[in-house]
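Chemist: A structural model of the following input is requested.
(chains A and B)
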There are 2 protein chains.
Amino acid sequence: MKRDHSRPLGVPDVGPLGSDSRRQAPEFIGALVRRLFKALMSRAGEPPIEFALASGQVVYAPAARPVGRVVFDDVGVLWDVVRSPELAFGDAYSAGRVHVEGELTEVLYHLFRSSERAGAERAKRSLFGTTPQPRRNSLDGSRENIQHHYDLGNDFYALWLDERMVYTCAYYTDPAMSLEQAQVAKLEHVSRKLELRPGMEVVEAGCGWGALALHMARVHGVNVRAFNISSEQIAFAREQAERQGLAGQVEFIQDDYRNITGEYDAFVSVGMLEHVGVENYPTLGSVIARSLKTHGRALLHSVGRSRPQPPNAWLERRIFPGSYPPSLREMMAILEPYRFNVTDVENLRLHYAKTLLAWLERFEGKVDGIRARYGESFVRAWRLYLAGCSAAFRASSIQLYQLVFTHPDDNRVPMTRAHLYDGTAPLPWRGF
Amino acid sequence: MKRDHSRPLGVPDVGPLGSDSRRQAPEFIGALVRRLFKALMSRAGEPPIEFALASGQVVYAPAARPVGRVVFDDVGVLWDVVRSPELAFGDAYSAGRVHVEGELTEVLYHLFRSSERAGAERAKRSLFGTTPQPRRNSLDGSRENIQHHYDLGNDFYALWLDERMVYTCAYYTDPAMSLEQAQVAKLEHVSRKLELRPGMEVVEAGCGWGALALHMARVHGVNVRAFNISSEQIAFAREQAERQGLAGQVEFIQDDYRNITGEYDAFVSVGMLEHVGVENYPTLGSVIARSLKTHGRALLHSVGRSRPQPPNAWLERRIFPGSYPPSLREMMAILEPYRFNVTDVENLRLHYAKTLLAWLERFEGKVDGIRARYGESFVRAWRLYLAGCSAAFRASSIQLYQLVFTHPDDNRVPMTRAHLYDGTAPLPWRGF
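Modeler: Residues are numbered from 1 along each chain as shown, chains lettered A, B, ... in the order given. Below is the predicted model of the structure:
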């Protein structure tokens, strides 16, 4: 199923507003809407941002010096934002009916930090409406949800990802690292956590364009079966495996993680859990439990939350349909039924903030070509997505958890984590 | 309130059995009890252990080669174990009415591992009875619960703990380390996780005999306020501070963690959470939230579980009244309301298994003196406690979680954990 790329991501060309809202509203309605917007900003913790209408009328002025200014084309946009803050703001920004003056990531960072502080729950619910529900991730639903985002075209992602096409959080052991270096460092960090040894059998759930699978095979000499339901990614990954002479070691399988068979020395999933959906966590747990050998290592790498919360409505609707970043509490639903021992949790939140800034910079460097091909509303939507996610990580609105866990009968686990930080050192002593 | 040490830990001198059970039972009752015990072993996953009566009659023989043999004095003991497996087994063992042939820790390890596999929930509930409820940890309740165990006498603990009197999990970076070395390594590991710098203000909740507070002050030059409700421990700690010339840097306060005041660069609690009780987690969270500066580090070190479960009934009744080892899921109740960012979770389960074996070895080396002073049932209860906990850690029945978390507005966090493994290296770069 090929998408119509002239209107990608569900962003309507004409803007998100109904016909009513684009008529000129009588002044008493305008006053009411402005008052409701002020109430919304109060619930959002009074962010240090000025909000105004294109007419020049200031709708909300913060007590502190503003870090930036947000301008709405008209009262109709404001009304939509009052009714459904996240979704309408994102849609109106994409449609060019909301304009941000100042540094976009800074403005969003302060907006998120302020909302989080004020209690995101309160702030993000519409004053009148309800929070939209994320889509279900049935076998068919997952395929549709994943194709919506990941089958946008490999050539589009190649414009601004690193050369290996790694579309997950990088790992900057040094702030001066390039995106390329930081992505390789991430692949290696994950490999060390899995304690890979030549000849091991590894299964990867949600392999993207195949970079991790290929790294594990090439550098650590393991055999990998890598699952993904995105046809464009799988095609690219298979071509890479051929080109690198790794086709004998790495098998890319276009199928759902729920159809994984076999037993493995390592189970790894980087950036898939966000798309699994809490309702499927027990199933994911059972897949891992049946796939992992007693002395195998399992690693889940996922965007998460510090507490359970509904996902950002615009992001869930327009960018990642069906996605949900879980809290650690929620992730336990995967592990507890099988008594997995959590051996290590690391939070790479600020690494993702930096990764997204690197992507955004490259995206902007290619923006003319992207605009010519996909249109202005696409460009604005992706700018908001990349800047917004970076800001959200910085504001602790989202987290990046890397969990390692083991079989309850496995006592041959490394007793320290020193080997993660010195690749030349032998593995530390193991348990008894 | 001074305890009667001739009958410590609530272990009755005459054994735990009611008067009925000590009469000679008719044979049909004996047959019924043996059948019920077999059913219990089936629920416990058929452990590779032989169970018999002192008369020689085998009550349960495993299919596999047994790793040891457990002998009950009579059918009365067996009946008690059927009715309340954990509590009655521990009491009868302490009273010398249950005997273990073979290596005690091995037998218990296989018993726990088997029970865990079979689903600890099913196995540990009495066939007829209900799980005893742990005591509440009100301000008064906590004081009583803590005095029960920790005010048993400093001279008793000095017999078998390390010279610093550290009564929590050690950290063996090398298997050949002595207990002393491993405890110092633990104090240092915790200090590095807290990123201590000279002049910082640190608060410790539940400081035991003061070893961590004194280490942090001496080695890292910080000022510490250390809370503990055990009067004997506080007295010892104060004396140590005076002796080491650290009384100006470390203040030992005999008070409940709920009464902590002030703001600190680090909040640390090692081995107290087990005594806090889930019902008090929101309170503990609020204490940490009001105590921790924006750029402060918080560390919780606690025995835990891979999933929520009632505590071992004997241990909770006889050894650690009011104790409850939480799952990670349950620990989140401390952090979520305050949006703390979990930055690091490490599991030191097998380090505690090894620590307990070191304690047991030293305990056995001093056992004649301990028996002379406290009596045989005390010796047997403590042997079962030390061996049993070591076995439980090995069997993944319990875990040892070390959690580090930070304020949601704190982006000055170290971007890698390399500094934990190289004390001479500067701190890694911090976030933005």
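Chemist: which stretches of the stretch 251-400 of chain A have low pLDDT?
Modeler: When residues are selected by pLDDT under 70, none of them lie in the stretch 251-400 of chain A.
Chemist: contact residues of it facing chain B?
Modeler: Counting by CB under 8 Å from any CB of the partner chain, the stretch 251-400 of chain A comes close to chain B at A:306-308, A:327-329, A:332, A:335-337, A:339-347, A:349-351, A:353-354, A:394-396, A:399. The way it works is simple: take the backbone N, C-alpha and C, and place the C-beta from them, glycine included.
Chemist: only whichever of the residues you listed are buried, select them in ChimeraX.
Modeler: A single ChimeraX command is used to select the members of those judged buried by 16 or more other CB atoms under 10 Å in any protein chain shown:
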select /A:306,307,308,327,328,329,332,335,336,339,340,341,342,343,344,345,346,347,349,350,351,353,354,394,395,396,399
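Chemist: so which of the residues of the stretch 251-400 of chain A next to chain B are in strands?
Modeler: A:341-347, A:399 (DSSP state E).
Chemist: quick one, what contacts the closest residue to A:L348 other than its chain neighbours?
Modeler: Distances taken as CB to CB, 6 or more residues apart in numbering or on different chains put A:L400 closest to A:L348, at 4.2 Å, once the chain neighbours are dropped. Residues counted as contacts of A:L400 (CB atoms under 8 Å, 6 or more residues apart in numbering or on different chains) are A:169, A:301-304, A:347-349, A:351-352, A:393.
Chemist: again with A:M331
Modeler: Taking CB under 8 Å, 6+ apart, we find A:M331 in contact with A:273, A:281, A:300, A:302, A:304, A:401, A:403.
Chemist: now, these that are in strands?
Modeler: Among those, the residues falling in strands (DSSP E) are A:300, A:302, A:304, A:401, A:403.
Chemist: could I get those residues as CSV with neighbour count?
Modeler: Shown next, in CSV, are the ones in strands among the contacts of A:M331 (neighbours: other CB atoms under 10 Å in any protein chain shown):
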residue, neighbour count
A:L300, 26
A:S302, 23
A:G304, 27
A:Y401, 23
A:L403, 26
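Chemist: between the contacts of A:L400, which is nearest B:P321?
Modeler: Nearest to B:P321 out of these is A:N347 (CB to CB; 35.5 Å).
Chemist: what sits against the residue nearest to the closest one when sequence neighbours are not counted?
Modeler: Using CB to CB, 6+ apart and skipping the chain neighbours, the partner closest in space to A:N347 is B:T343 (4.7 Å). Each residue near B:T343 by CB under 8 Å, 6+ apart is listed here: A:346-347, B:404-406, B:413.
Chemist: tell me which of these is nearest to A:R197?
Modeler: The nearest member of those to A:R197, counting by CB to CB, is A:E346 at 21.8 Å.
Chemist: before we move on, back to that, mind putting the contacts of B:T343 in a markdown table, distance to B:K186 included?
Modeler: Listed next are the contacts of B:T343 as a markdown table, based on distance: CB to CB, whole Å:
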| residue | distance to B:K186 |
| --- | --- |
| A:E346 | 20 |
| A:N347 | 23 |
| B:V404 | 14 |
| B:F405 | 19 |
| B:T406 | 21 |
| B:V413 | 22 |
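Chemist: out of those, the closest to A:S323 would be?
Modeler: A:N347 (19.1 Å).
Chemist: ok, which stretches of the stretch 1-150 of chain A are helices?
Modeler: A:19-22, A:27-43, A:75-83, A:85-94, A:104-117, A:120-124, A:139-150 (DSSP state H, counting those that start in this stretch).
Chemist: who wins for proximity to chain B among these?
Modeler: With CB to the nearest CB, the closest approach to chain B among these belongs to helix A:104-117: 6.5 Å.
Chemist: please see if that closest one touches chain B.
Modeler: Yes: with CB under 8 Å from any CB as the measure, helix A:104-117 is seen reaching chain B through A:113, A:116-117.
Chemist: returning to that earlier point: what pairs with the residue nearest to A:L348 across the strands?
Modeler: Beta-bridge partners for A:L400, by DSSP bridges, are A:V303.
Chemist: could you check how far it is from chain B?
Modeler: According to CB to the nearest CB, to the nearest Å, A:L400 and chain B sit 11 Å apart.
Chemist: now swap in A:A392 and tell me
Modeler: Using CB to the nearest CB, A:A392 is found at 12 Å from chain B.
Chemist: list the residues that contact that residue.
Modeler: A:A392 is in contact with A:108, A:112, A:312, A:398, counting by CB under 8 Å, 6+ apart.
Chemist: want to try CSV for those residues, with neighbour count as columns?
Modeler: Supplementary listing: the contacts of A:A392 in CSV, determined by neighbours: other CB under 10 Å:
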residue, neighbour count
A:L108, 25
A:F112, 25
A:N312, 25
A:I398, 25
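Chemist: need the residues you listed in TSV (columns: distance to B:R238).
Modeler: Listed next are those as TSV, based on distance: CB to CB, whole Å:
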residue	distance to B:R238
A:L108	52
A:F112	47
A:N312	53
A:I398	46
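Chemist: which residue packs closest to A:L161, ignoring adjacent ones?
Modeler: In space, and not counting its chain neighbours, A:L161 is closest to A:Y167: 5.9 Å by CB to CB, 6+ apart.
Chemist: same question, A:A237
Modeler: Counting by CB to CB, 6+ apart, A:G210 is the residue found nearest to A:A237 once chain neighbours are left out, at 2.9 Å.
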